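Undergrad: Return a 3D structure for these sequence lines:
(5 chains, ligands or ions: 4)
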Amino acid sequence: MTETTAQAPQSGIETIRSAYLAEMRMKRIYGGVLLILFVAMMAAGFRLADARNAGSFAGGFTHVFDFPAEILAEAGEKLGQMPGHFVEYFPALIETVNIAAVSTLVGLLGGALMSVLATRGMALWPRAIPVFRRIMDFCRAIPEIVVALVLIYVLGGGPVPAMIAIALHTVGSLGKLFSEVNENADLKPVEGLTSVGANWGQRIWLGVVPQVAPNYLSYALLRLEINIRASAILGFVGAGGIGYELKNAISWGQGKYDNAAAIFLLLFLTIVVVDQLSSALRHYLTKGAGHGHD
Amino acid sequence: MTDAATATTATAPDLKATADRLFARKRWIALAVPGLLLLYLVYVFFAFDIPGLAQRARLDNALTLMRDSYSYKTLVTRDNRADKLTVAIEGERKGTYPPGQEPDWVHVDGKVTRIELPKGAEVTYTPEAITFLVPDYGTVTAKIVGRKIETTLPPGPTPDWISASHTRLMVKAPEGRLTVTRARVEVARYFPGWEMFFFTLDSPYFGHSFADLASHVLSGQRIDPERGNLAGIWHDFWRNPVWRHAEVAWAIFETVLMAFLGTMGAGIIALPLAFLSARNFTPTQGLRFGMRRVFDFLRGVDGLIWTIILSRAFGPGALTGSLAILLTDTGSFGKIFSEALENVEEKQIDGIRSTGANAVQRYRFGVIPQVVPVLASQLLYFLESNTRSATIIGAIVGGGIGLLLTQAIITQKDWEEVAYYVILILAMVMVMDWISGLLRRRLIKGK
Amino acid sequence: EGIKEFRIGLLGGENAQDRLNSNECLRAKTEKLLGVPTKLFAPADYDGVLQGLLGGTLDMAWLGASGYAKIYITDPKAVDPVLVVTHPDGSFVYYSVGFARKDSGIKSLADAKGKRFGFGDPNSTSGYLIPSVEIPKAIGMPMDKYFGSVKFTGGHEQTIVAVNNGDIDAGVTWADGQGAWEDGYNNGALRKAVDAGLIDMNDLVQIWKSKPIPEGPLVLSTKLPQDVKDKMIKLLVDMKDTDKDCLYNIAAGETAGFAPITKDYYDTIIELRKMKSE
Amino acid sequence: MLLSVEGVTKIFGRNVAVDKATFAVERPAMIGIIGRSGAGKSTFLRMMNRMTDASAGRLVFDGRDVLALKGAEKRAWQSQCAMIFQQFNLVPRLDVVSNVLHGTLNRHSTLATLFNLFPRSDVHRAIDILDRLGIAEQAPKRAEALSGGQQQRVAIARALMQDPHVILADEPIASLDPMNAQIVMDALRRIHEEDGRTVIANLHTLDTARRYCDRVIGMRDGRIVFDGTPEQLTTGAARDIYGADAGFSESATSTSIEALETGADADAAYASALMGD
Amino acid sequence: MLLSVEGVTKIFGRNVAVDKATFAVERPAMIGIIGRSGAGKSTFLRMMNRMTDASAGRLVFDGRDVLALKGAEKRAWQSQCAMIFQQFNLVPRLDVVSNVLHGTLNRHSTLATLFNLFPRSDVHRAIDILDRLGIAEQAPKRAEALSGGQQQRVAIARALMQDPHVILADEPIASLDPMNAQIVMDALRRIHEEDGRTVIANLHTLDTARRYCDRVIGMRDGRIVFDGTPEQLTTGAARDIYGADAGFSESATSTSIEALETGADADAAYASALMGD
Ligand SMILES: Nc1ncnc2c1ncn2[C@@H]1O[C@H](COP(=O)(O)OP(=O)(O)OP(=O)(O)O)[C@@H](O)[C@H]1O
Ligand SMILES: Nc1ncnc2c1ncn2[C@@H]1O[C@H](COP(=O)(O)OP(=O)(O)OP(=O)(O)O)[C@@H](O)[C@H]1O
Ligand SMILES: [Mg+2]
Ligand SMILES: [Mg+2]
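TA: Numbers count the residues shown, from 1 in each chain, chains lettered A, B, ... in the order given. Ligands and ions are numbered 1, 2, ... in the order given. Purely as a prediction, here's the structure:
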């Protein structure tokens, strides 16, 4: 025990003790206040939402299954028409998936470019890094619905407004995730390539992309899953695809509940399949490709 | 260089062949992957009818939208049947100038009304005819003769911004828009800015500058003798009947509330369930499998469908939206949390176990401190992204800023209102993003 | 057994805020009359209100005929139709009109063959139910065979904008059928679009007009106590004498006031809708 | 008889990790267990602390077979038999004092500990123990912010907080640099000497065992193949324990600072071995 | 005159990293630059390769001031002036041949390289170079799968692939063990001797500089304080360069295998220094 602190005078210990106890008390009070605040916020928020809602939580709770029951009852009656409905709505489903796929692809490319331009050590114009960061923040902040509805006004209905809206948002959110990946990437290969006289494109493509590609792809797959949901929901509020069909079937109600059930099922299966595929692939990418970040 | 020396050159040709094969494969991949993607994009290009889109795209709509989002129009309308003149901002009742107090660019002289437009353009209503003097073009005259409208244009081809028929005349000059039908005549003059954003015309505070208002507040000299200045100003601004700041604020709050309740509720429900589906905490495979499928189901059904299903039970409103977010996110959190739990380090738990701690204490000190950062950061991440989702879900369940936005876009009346909502939504999301980032850094880094 | 609150659902067709605003006077009067908190709900589409009535989370709403029929078919015991709004001339009908852009060269249904056609909301009477029954009769074949494509735009406003923009070639919307086409009639979705400066009626032509359609009923939830129902009916019927301004706001135009009505009046519509559901 | 180990055995599948280990300890001592990787050292300690159940045998401490204890009694035994790990096994995100206080978990009600309600006297004692180990100033820091040697001393503090009869240490200095290793071993030795507690430490270097222990037990393939004083642990005995051939050089396994000074030859040998490769 | 360095200076904020470095090289040589950490060695090499812009001065190579080059010309110069790094700076996930082929990037169109369209002849040349460095069998492996010494040889192969006039090496053996260090230095020397290329290497050990270089330049605080043959580099001169006091022991900086055998005392000194801390 060569350390001098072992012989710390008794008064030193006293200050450490009281300091620690004081800190612990502060932490406890702080934690307690935060907890109470959180519980109060949850309770007050719930009561407020409950009061401002048409139906109350207590009143509606027992009726959650009324609507699904209605739909399933009719779907059960017309079970024979189900395969026909699947065929009928398959093109709409494809459109929804296409919207998601294209926007994810565009988002992947755009996000990758943006994130590289916004990372120190990789940026083509280091002074413009904050500009690209802000652009990404901005893209990320725009809810898809805003862009989609405005573009529907300009471009007319169809898949393109939804695609642009989702792509724009995807560029922002993937860009941010990619930036984090980039920050963890090793810049030594880039230096190595600089030293051989490689230009910016070569430096990034050969020095950065091989390092980050598995993580990029993994995030993009996660995004694809999210984008399928987004594309369905945008269909519901005005863009095309399966969401549009679902809205019409659901709105009509009795008589088309079998259609609604078929669409539900298609959408559900698609989401589950993509979800499982993407998690399997992501697992492979991050684990199989060795030491990715994370 | 012992090994270098012993490496025989005899192996070099083999190695070269191997390398050639390697590069042939690499090249193939390097070309095939982009090629496939390109093919897919070409397919989508036609599947989405992008060529047709180029024709259908209405850039003039975009221009209208742009212009409307930062400017407003004042309408000078003459009802031909009742022979009544009204001057109203955006045609709103709350923006109607009292008769005799028209703005200075509208000159009423008995039955003759002269309306000054920018750049020397001018419209005159007389009982007999309506004339529109368009600079660099000439004068357009319209007469209502019996059931018909007779229009006289300057010589030459009719420009595309004039649309005339015997029932209707419309002139869309850059200086203003004139519409003539048998029933009424209307001129719209555009001004930059958001009209009546602070006060409507009927408020006594309308037309006062900021400095002016501030000086009144400071001096205590009442603008409206009925009320104190500050209270009055606040009331008239907050209760502004055109922009409805109070209700918009509530809508924003409601959106955030939906996201907050949904996300946090889901987190609270998902945490215990996640233990049930984590391999290292629930050895019963059947239970684990069951829990996982429940999570998959909740997630797979998706917020959209939950929204629809819950609308019946709970009716329109924010609670329905929160519950929809809650159900979907319970699925997502269940999955994420259980993965986090499966990744906990055994070392720390071992350390606690070795002191003789019981199971609950092991979880409390060995597990919770490890997973809290993951949980907290995921919760905050979802909170931020759910603020965006809540905007859309609100549009479906009828609550929050999403409803206001979609309705304003669909009815296409006031693009400045749309612009206002969009700005508010962006600000809301960015603030949530900022708060969530701040809290994340605090919770994870500890300082 | 009394009620704790009273919830009024408002159909779309206007800005959510505008809807809430125009009905504020009704809310205040109801609150005073019934002595319970009264709330207004403006869901995004027809279905939001219908679901609310079906689920019992809304107590009163003014519906379209087809929307009422949907509720009746799903659950006959959910709501009672009690009142209908009458026009100044005492009638309570309106029309579905088909229209197209003048420069598209379409002047009648015959010209529209093979073109893109748009409905409004599936639950709209004039925007879907009536035209979807009458137009096939007029053209003598199913619409999806006759037209190049048929789609729902989501609502009257969207139909008008879509036709005006050329996204679709023809569409249907509602009008009171009074006044002149070039003004967009006296009342209706076209008129509102004209007033908002969205469209120029010179650009549009009417290509079809339906038979008269009954105005939709004002319905009350059957679960309400009888005295509440009576009070509400009296409040609304009397409104033409007590508060004309409020009446104008609720009805979104000039009206002669509310008149009593029963379910029988909508039997045809219910039958039509049942037929469409087959 | 303080501790008597009688035929303690652990079988993992077909692999006999500890094979009828038998020895007895009369009075408090500092005991080192050496043996090469896989010899069963860790498994033995884990059985003793009851983190792993034994397959057979008895381990009698103060007249009680601790291998037969269950539930609360088992946990009570664990609290009397503190364990120190190679990787410290602290909760990195919690502060140092909280980590030390974990040593008292078995004594307090679950509910109180759930809410972090440790008595003030315990907090004081924790700080005193930290002070004794020379790291009192680190008290409010997070464990993860400490160096390896400091973290191991926190782990020892946690062990002391348990006020245990026995302290088990599983390669306590394997993750530490020579200087920290010395500090930690000194601390363990002092605890043994001043408090009279029994310390059983798995060690992976002979010289550490020789220098700090009263008694050394050598394991090989699960069996105890050596049991004696440090003096009896000749190079020949070590070769038996490690199953090494004649080329075995002791200093190759050494991490202690003194050994380094004479270990240079070995390093040179290592380097030339590399070159010859 | 092959290379003439005239008052090359680099200022980082207030810190003068390289201060008017001036020297000339008449004909291809192997030059070692020594100096303690922060002396400006790396900065000088990076300026020469144009990875860092100089603050002032001229660096004339074959009659051209390379410090004034811009854009494509700058990159062309970089391709003629290969750089080898302490940490190898390879692309770890790519295979060895691809890494070597990166030496030709400046010669091919960007598009072609993006699609991996390197000419077959280049691939063969890469293999030949790898063979010359004794690591041809590693060609298809990922760079990250190689040992440090092998990776450094890949880096040298990449440099040779550039067919450069000058090879700059920034502490090429600092991350290597003695055996690999020797292999790498031998390779550099051989390249200088057989191909007649100029090699400038930053070295952190005196003995390496003495053993491999024709000429040694010593830097201290950014200034060149020594420029001479290895023979002129006496212990006194070294003390000046390193700014060391009388306690300076050469072997403390040594990594070479021969030195190690006598370097044990230094290690001991280091260890006891630690203990005194
Ligand atoms: N949980 C387990 N499951 C299966 N086999 C195990 C387990 N733990 C240890 N073993 C095996 O038991 C034998 C003894 O391992 P133990 O960890 O006790 O050795 P050790 O002497 O501590 O070695 P080291 O010095 O590497 O820590 C080894 O063969 C090991 O593979
Ligand atoms: N990018 C930079 N920004 C600021 N200062 C720098 C930068 N690079 C180097 N320096 C400073 O310039 C001086 C010289 O550094 P340089 O890396 O050239 O030294 P060196 O001789 O290579 O040392 P070492 O042996 O540690 O590599 C040092 O004081 C260093 O801190
Ligand atoms: Mg072990
Ligand atoms: Mg350096």
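
Undergrad: contacts and neighbour counts: CA atoms only from here.
TA: Noted.

Undergrad: And chain D, is the longest helix along chain A touching that?
TA: For chain A, the helix that runs over the most residues, judged by DSSP state H, is helix A:10-52. Yes. Interface with chain D: helix A:10-52 contributes A:I13, A:I16, A:R17, A:Y20, A:L21 (Cα under 8 Å from any Cα of the partner chain).

Undergrad: Which residue ranges of the stretch 151-278 of chain C form helices?
TA: Counting by DSSP state H, counting those that start in this stretch, the stretch 151-278 of chain C has helices at residues C:156-165, C:189-195, C:226-242, C:244-251, C:267-277.

Undergrad: picking up where we left off before, quick one: which of the residues of helix A:10-52 next to chain D is the most crowded by neighbours?
TA: Highest neighbour count within the residues of helix A:10-52 next to chain D: A:R17, with 23 neighbours (other Cα atoms under 10 Å in any protein chain shown).

Undergrad: give the contact list for it.
TA: D:V123, D:H124, D:I127 (Cα atoms under 8 Å, 6 or more residues apart in numbering or on different chains).

Undergrad: In TSV, list those residues along with neighbour count.
TA: Listed next are the contacts of A:R17 as TSV, based on neighbours: other Cα atoms under 10 Å in any protein chain shown:
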residue	neighbour count
D:V123	18
D:H124	19
D:I127	28
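
Undergrad: Please indicate which of the helices of the stretch 151-278 of chain C has the most neighbours on average?
TA: The highest average neighbour count among the helices of the stretch 151-278 of chain C, using mean count of other Cα atoms under 10 Å in any protein chain shown, belongs to helix C:156-165 at a mean of 24.

Undergrad: Let me know the average pLDDT across it.
TA: The average pLDDT within helix C:156-165 is 86.

Undergrad: Now do residue 228: how many residues are near it, please.
TA: All of this is about chain A. Count around A:I228 with other Cα under 10 Å applied: 25.

Undergrad: my question was about chain D
TA: When counting by other Cα under 10 Å, one arrives at 13 neighbours for D:G228.

Undergrad: Identify the residues contacting it.
TA: Applying Cα under 8 Å, 6+ apart to D:G228 gives the contacts D:R215, D:V216, D:I217.

Undergrad: quick one, phi psi at the second one?
TA: D:V216 has phi and psi values of phi -120, psi 130 when expressed as degrees, to the nearest 10.

Undergrad: If I follow the layout properly, it ends up in contact with D:L206?
TA: No. Counting by Cα atoms under 8 Å, D:V216 stays clear of D:L206, with 9.4 Å between them.

Undergrad: So for these two, which residues contact both of them?
TA: D:I34.

Undergrad: So which of those two has more stuff around it?
TA: More crowded of D:V216 and D:L206, by other Cα under 10 Å: D:V216, with 27 against 24.

Undergrad: Where does pLDDT dip in the stretch 1-150 of chain C?
TA: Applying pLDDT under 70 to the stretch 1-150 of chain C flags the ranges C:1, C:12-16.

Undergrad: Near chain C, which residues of chain A are found?
TA: A:54-56, A:156-157, A:238, A:248, A:251-256.

Undergrad: er, chain B I mean
TA: Counting by Cα under 8 Å from any Cα, the residues of chain B that sit close to chain C are B:56, B:58, B:163-165, B:167-170, B:181, B:183, B:311-317, B:395-399, B:403-404, B:407-408, B:410-413.

Undergrad: where along the stretch 101-250 of chain D do the strands fall?
TA: With DSSP state E, counting those that start in this stretch as the criterion, the stretch 101-250 of chain D has strands at D:166-170, D:198-202, D:215-220, D:223-228.

Undergrad: would you turn these into CSV with distance to B:D79?
TA: Below are these laid out as CSV (distance: least, Cα to Cα, whole Å):
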stretch, distance to B:D79
strand D:166-170, 97
strand D:198-202, 101
strand D:215-220, 108
strand D:223-228, 110
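
Undergrad: Tabulate those (JSON lines), appending mean pLDDT and distance to E:D221.
TA: Output for the strands of the stretch 101-250 of chain D, formatted as JSON lines (pLDDT from 0 to 100; distance: least, Cα to Cα, whole Å):
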{"stretch": "strand D:166-170", "mean pLDDT": "92", "distance to E:D221": "49"}
{"stretch": "strand D:198-202", "mean pLDDT": "92", "distance to E:D221": "50"}
{"stretch": "strand D:215-220", "mean pLDDT": "90", "distance to E:D221": "55"}
{"stretch": "strand D:223-228", "mean pLDDT": "90", "distance to E:D221": "59"}
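
Undergrad: Dump the ones you listed into a markdown table; add distance to ligand 2 as well.
TA: A markdown table is the format used below for the strands of the stretch 101-250 of chain D (distance: least, Cα to the nearest ligand atom, whole Å):
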| stretch | distance to ligand 2 |
| --- | --- |
| strand D:166-170 | 39 |
| strand D:198-202 | 40 |
| strand D:215-220 | 46 |
| strand D:223-228 | 50 |
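
Undergrad: What residue in the stretch 51-200 of chain A comes nearest to chain C?
TA: Closest contact between the stretch 51-200 of chain A and chain C, by Cα to the nearest Cα, is at A:G55 (4.5 Å).

Undergrad: which phi and psi does that residue have?
TA: When read as degrees, to the nearest 10, the backbone of A:G55 gives phi -100, psi 150.

Undergrad: my guess is it meets B:R312, correct?
TA: No. The criterion here is Cα under 8 Å, and A:G55 misses it with B:R312 at 9.1 Å.

Undergrad: These two: who's more crowded?
TA: Remark: of A:G55 and B:R312, B:R312 carries more neighbours, 29 against 26, as counted by other Cα under 10 Å.

Undergrad: Just want the angle from the helix or strand that one falls within to helix A:10-52.
TA: Using DSSP states H and E, B:R312 sits in helix B:285-314. If you take axes from the mean of the first three to the mean of the last three Cα atoms, to 10 degrees, helix B:285-314 sits at 50 degrees to helix A:10-52.

Undergrad: just checking, what packs against helix B:285-314?
TA: Here helix B:285-314 touches helix A:57-61, helix A:66-77, helix A:209-236, helix A:257-283, helix B:245-276, helix B:318-342, helix B:368-397, helix C:46-55, going by 3 or more Cα pairs under 8 Å, 6 or more residues apart in numbering or on different chains; DSSP states H and E.

Undergrad: what residues are up against the residue nearest the centre of chain C?
TA: Centroid-nearest residue in chain C, with Cα atoms, centre = their mean: C:G64, separated by 4.2 Å. Shown in contact with C:G64 (Cα under 8 Å, 6+ apart): C:S124, C:T125, C:E215, C:G216, C:P217.

Undergrad: and if you look at B:L36?
TA: Residues near B:L36 by Cα under 8 Å, 6+ apart: none.

Undergrad: How confident was the prediction at it?
TA: So, for B:L36, pLDDT stands at 93.

Undergrad: What sits closest to C:A100 if chain neighbours are left out?
TA: Using Cα to Cα, 6 or more residues apart in numbering or on different chains and skipping residues adjacent in sequence, the residue nearest C:A100 is C:A170, 4.5 Å away.

Undergrad: Provide the count of other residues in contact range of the one you found.
TA: Residues near C:A170, counting by other Cα under 10 Å: 31.

Undergrad: That one pairs with what?
TA: C:A100, C:F117 (DSSP bridges).

Undergrad: Run through the stretch 151-294 of chain A and note the low-pLDDT ranges.
TA: In the stretch 151-294 of chain A, residues with pLDDT under 70: A:286-294.

Undergrad: how about the residues of it that lie near chain D?
TA: Counting by Cα under 8 Å from any Cα, no residue of the stretch 151-294 of chain A sits close to chain D.

Undergrad: separation between the residue of the stretch 151-277 of chain D found nearest chain A and B:S354?
TA: Closest residue of the stretch 151-277 of chain D to chain A, Cα to the nearest Cα: D:I183 (5.7 Å). Distance of D:I183 to B:S354, computed by Cα to Cα, to the nearest Å: 23 Å.

Undergrad: quick one, which of the two is more surrounded?
TA: Legend: neighbour count by other Cα under 10 Å for D:I183 and B:S354, higher for B:S354 (27 against 22).

Undergrad: Surely that one touches D:M47?
TA: No. Contact between B:S354 and D:M47 fails when scored by Cα under 8 Å: they sit 10.9 Å apart.
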